[in-house]
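sharing a sequence plus its predicted fold:
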Amino acid sequence: MRTAHVNRKTKESEVDVKLNLDGSGQIDVETGVPFFDHMLSQLGKHSGFDLTVRTKGDVDVDSHHTVEDTSLAFGQALREALGDKAGIRRFGDAMVPLDEVLVQAAVDLSGRPYLVHRQPEIVELIGTFDTTLGRHIWESIVAEARIALHVRVLEGRNAHHVFEAQFKAAARALKDACAVDGKTTGVPSTKGVL
């Protein structure tokens with residue numbers, strides 16, 4: 001089973017993440033930040049991963065620590081669930097439309113963290129959610145998962161759609177990259193490790 005269970009505890013938050021890469025998109029997410037819950041739910045559903053997240057954070061201060069620590073824990077869970085990465089496709093990409101928005105995402109489960117993130121200027125708040133956290137979510141996931149991720153918003157103006165399409169596109173790219181390729185044996189790298 002390609003699963004992981006990560007618990008991350010700091011003075012600012014306590015995060016518990018359970019991830020099954022070979023699930024069916026079963027999602028149960030509660031972080032105390034409703035919009036972020038909605039985005040994590042997109043990530044789980046559209047990747048086909050089973051994802052359970054419980055976070056208790058200092059949301060009375062703001063949502064930064066909760067969002068950051070949850071993203072770090074998800075990234076760690078992804079890395080751990082992938083194990084040695086033998087037999088996976090390694091690369092994945094997706095182009096996802098959502099009404100006026102079009103997002104392209106590509107991922108390499110390379111073992112090397114790198115992020116390229118492009119999105120247009122959008123409003124600073126979606127409800128009470130701080131949209132400046134968007135790039136930081138991806139940075140945190142990438143850092144702990146140790147993957148290369150490119151996310152480009154090619155078109156779009158509605159902030160909610162811009163965010164949601166990014167999570168859906170990244171989810172679809174991850175689904176493809178994490179898939180077990182029945183034709184590949186061993187680790188898909190001439191280095192022999194990822």
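Yep, it's here. Numbers count the residues shown, from 1 in each chain.

where do the helices sit along this structure?
For the chain, helices defined by DSSP state H occupy the ranges 34-47, 64-82, 133-145, 159-178.

who's in contact with the first one?
Outside of helix 34-47, the residues within contact range by CB atoms under 8 Å, 6 or more residues apart in numbering are 25-27, 29-31, 49-51, 53, 63, 66-67, 70, 74, 126-129, 137, 163-164, 167-168, 170-172, 174-175, 178. Glycine gets a C-beta too; all of them are placed from N, C-alpha and C.

one more time with 7 Å, if that's ok
25, 27, 29-31, 51, 53, 63, 67, 126-127, 129, 163-164, 167-168, 170-172, 174-175 (CB atoms under 7 Å, 6 or more residues apart in numbering).

hang on, the earlier thing: looking at the helices of the chain, which is closest to Gln119?
helix 159-178 (6.0 Å; CB to CB).

export that closest one as CSV, just CAs?
Extracted as CSV, the C-alpha positions of helix 159-178 are listed here (Å, rounded to 0.1, in the frame of the first residue of the first chain):
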residue,chain,number,x,y,z
ALA,A,159,-9.9,34.7,-7.8
HIS,A,160,-11.9,31.7,-6.6
HIS,A,161,-11.7,30.1,-10.1
VAL,A,162,-8.0,30.9,-10.3
PHE,A,163,-7.2,29.1,-7.1
GLU,A,164,-9.5,26.1,-7.7
ALA,A,165,-8.3,25.5,-11.2
GLN,A,166,-4.7,25.4,-9.9
PHE,A,167,-5.5,22.7,-7.4
LYS,A,168,-7.4,20.7,-9.9
ALA,A,169,-4.6,20.9,-12.5
ALA,A,170,-2.0,20.0,-9.9
ALA,A,171,-4.1,17.1,-8.7
ARG,A,172,-4.5,15.7,-12.3
ALA,A,173,-0.7,16.1,-12.9
LEU,A,174,0.1,14.3,-9.6
LYS,A,175,-2.4,11.5,-10.4
ASP,A,176,-0.6,10.9,-13.7
ALA,A,177,2.9,11.1,-12.2
CYS,A,178,2.2,8.9,-9.2
